[in-house]
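Participant: Just the structure for this:
(2 chains)
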Amino acid sequence: KQEVTQIPAALSVPEGENLVLNCSFTDSAIYNLQWFRQDPGKGLTSLLLIQSSQREQTSGRLNASLDKSSGRSTLYIAASQPGDSATYLCAVKGGPGTYKYIFGTGTRLKVLA
Amino acid sequence: ETGVTQSPTHLIKTRGQQVTLRCSSQSGHNTVSWYQQALGQGPQFIFQYYREEENGRGNFPPRFSGLQFPNYSSELNVNALELDDSALYLCASSSAPGTSYEQYFGPGTRLTVT
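Facilitator: Take a look at the predicted model:
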């Protein structure tokens, strides 16, 4: 049974810091992994999608990496800003025949001005 | 391109009542998934619809049911509401299984059961 864990659960950093959020999963047979951002009480905004054959994806100040064999993904945020404050969730989709995403419980990030 | 929309935004119901939540998928998407997110938790998969058929289901009882319409919009119905059903209900649309399968989420419906 696939389980997704995100560490740390919460993080508080001063503005301008580079930071890394971690996501680990127990079953390496995944189809893809997606990182989301969620503002309080709101829906999820897709940040980056990494297919199982890819090692990383980049969008602006965000870079996500995937190491399937070790069951890990990291989300790197460069030069953090107060507007980056949110909960970051990772989700994995299993291989052929599976249809759902399994989510971690998220990392609550607060960037202090 | 129209994003995923959900209605209503907020809803308050009494234990034992029934509720219907609605979702319009993003233009060009024919797959809709529903998730339940309790406070402080990650979303939990309820079920998925592809071309009007249920395509998979998570560990939710039969009182959670759904529909998908020919225009790919979808409904989530919950009967005999319980206090633990209080949560944010999220709808996600995606292209057909086997493609990139990137999911796009709506803003959610906050359901409170008293």
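Participant: residue ranges for the strands of chain A, please.
Facilitator: A:4-7, A:10-14, A:19-25, A:30-38, A:44-51, A:56-59, A:62-67, A:72-77, A:86-94, A:101-103, A:107-112 (DSSP state E).
Participant: can you redo those strands as CSV with mean pLDDT, distance to residue B:73 and mean neighbour count?
Facilitator: C-beta here means a position set from N, CA and C on the backbone, and glycine is covered the same way. Listed next are the strands of chain A as CSV, based on pLDDT from 0 to 100; distance: least, Cβ to Cβ, whole Å; neighbours: other Cβ atoms under 10 Å in any protein chain shown:
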stretch, mean pLDDT, distance to residue B:73, mean neighbour count
strand A:4-7, 95, 29, 18
strand A:10-14, 96, 37, 13
strand A:19-25, 96, 32, 19
strand A:30-38, 94, 22, 22
strand A:44-51, 94, 19, 19
strand A:56-59, 96, 29, 14
strand A:62-67, 97, 31, 19
strand A:72-77, 97, 32, 20
strand A:86-94, 94, 23, 24
strand A:101-103, 93, 21, 25
strand A:107-112, 97, 33, 17
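Participant: so can I have TSV of these showing distance to chain B?
Facilitator: Formatted as TSV, the strands of chain A follow (distance: least, Cβ to the nearest Cβ, whole Å):
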stretch	distance to chain B
strand A:4-7	7
strand A:10-14	11
strand A:19-25	11
strand A:30-38	6
strand A:44-51	4
strand A:56-59	11
strand A:62-67	13
strand A:72-77	15
strand A:86-94	6
strand A:101-103	3
strand A:107-112	9
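Participant: need those in a markdown table with distance to residue B:59, can you?
Facilitator: Below are those laid out as a markdown table (distance: least, Cβ to Cβ, whole Å):
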| stretch | distance to residue B:59 |
| --- | --- |
| strand A:4-7 | 16 |
| strand A:10-14 | 27 |
| strand A:19-25 | 19 |
| strand A:30-38 | 20 |
| strand A:44-51 | 21 |
| strand A:56-59 | 31 |
| strand A:62-67 | 27 |
| strand A:72-77 | 25 |
| strand A:86-94 | 15 |
| strand A:101-103 | 12 |
| strand A:107-112 | 25 |
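Participant: I'd like to know which of the ones you listed lies nearest to residue B:68.
Facilitator: Residue B:68 sits nearest to strand A:101-103 of all the strands of chain A, at 18.1 Å, using Cβ to Cβ.
Participant: Within the sheet, what are the partner strands of the closest one, with directions?
Facilitator: strand A:86-94 (antiparallel) (DSSP bridges).
Participant: which residues sit against the partner strand?
Facilitator: Residues outside strand A:86-94 that contact it (Cβ atoms under 8 Å, 6 or more residues apart in numbering or on different chains) are A:2, A:4, A:6, A:21, A:23, A:25, A:27, A:29-40, A:44, A:47, A:73, A:75, A:100-109, B:42-43, B:101, B:103.
Participant: repeat that with 6 Å
Facilitator: A:4, A:21, A:23, A:25, A:30-39, A:73, A:101-104, A:106-108, B:42 (Cβ atoms under 6 Å, 6 or more residues apart in numbering or on different chains).
Participant: Can you name the residues that contact residue A:28?
Facilitator: A:68, A:71.
Participant: and stretch B:35-48, is it in reach of chain A?
Facilitator: Yes: contact between stretch B:35-48 and chain A is present through B:41, B:42, B:43, B:45, B:48 (criterion: Cβ under 6 Å from any Cβ of the partner chain).
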